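S.K.: Got a sequence here, can you model it:
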Amino acid sequence: MGLALAAPAVAYLFSRPKAAKSPDWVDAADVNTLRPGEPREVMFVRSRADGWRVVNEKATAWVVKLDPQHVVAYSPSCTHLGCAYHWDEQAKEFVCPCHASLFSIDGKVLAGPAPRPLDRYATRIDNGKLLISPVIEKS
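M.R.: I've put the predicted structure just below:
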């Protein structure tokens with residue numbers, strides 16, 4: 001009787017969590033709707049493993065179409081303290097209003113306390129769709 005009750009507990013404790021699977025690519029935008037050199041904030045839904053359960057969550061990225069086959073996607077968090085930044089169309093730069101960090105369209109630090117360029121998502125284009133990996137590549 002004890003073995004029958006202990007078997008599910010042992011299986012639960014020693015089974016691998018779902019986080020061990022490789023990251024999935026998610027559809028973030030139609031590349032044809034992006035204008036070259038014009039940053040746009042896009043929202044997408046990604047799956048994140050939280051122990052043994054998978055959680056679907058909304059995420060955003062700032063995307064910049066460089067040419068028809070190359071698009072970069074930046075994490076929406078400033079590299080200083082993780083604040084949300086925005087694109088200032090007049091100044092042609094990303095602005096973090098919290099601590100005055102400024103970033104160029106290619107993610108490089110122009111001013112402020114930010115210690116490094118903007119972090120990027122891995123991207124690829126497949127059949128006219130921008131696919132984003134949930135993995136953020138630190139600069």
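
S.K.: Tell me the helices and strands packed up against the top strand by length along the chain.
M.R.: Ranked by residue count, the top strand of the chain under DSSP state E comes out as strand 53-67. Judged by 3 or more CB pairs under 8 Å, 6 or more residues apart in numbering; DSSP states H and E, strand 53-67 is in contact with strand 26-30, strand 40-50, strand 70-74, strand 129-137. Every residue, glycine included, has its C-beta placed from N, CA and C.

S.K.: out of those, nearest to Ala84?
M.R.: Of all the helices and strands packed on strand 53-67, it is strand 40-50 that lies closest to Ala84, at 9.7 Å by CB to CB.

S.K.: What is the closest one packed up against?
M.R.: Against strand 40-50 (3+ CB pairs under 8 Å, 6+ apart) you get strand 26-30, strand 53-67, strand 129-137.

S.K.: Tell me which of those strands sits nearest to Asp119.
M.R.: Per CB to CB, nearest to Asp119 of the helices and strands packed on strand 40-50: strand 129-137, 4.9 Å.
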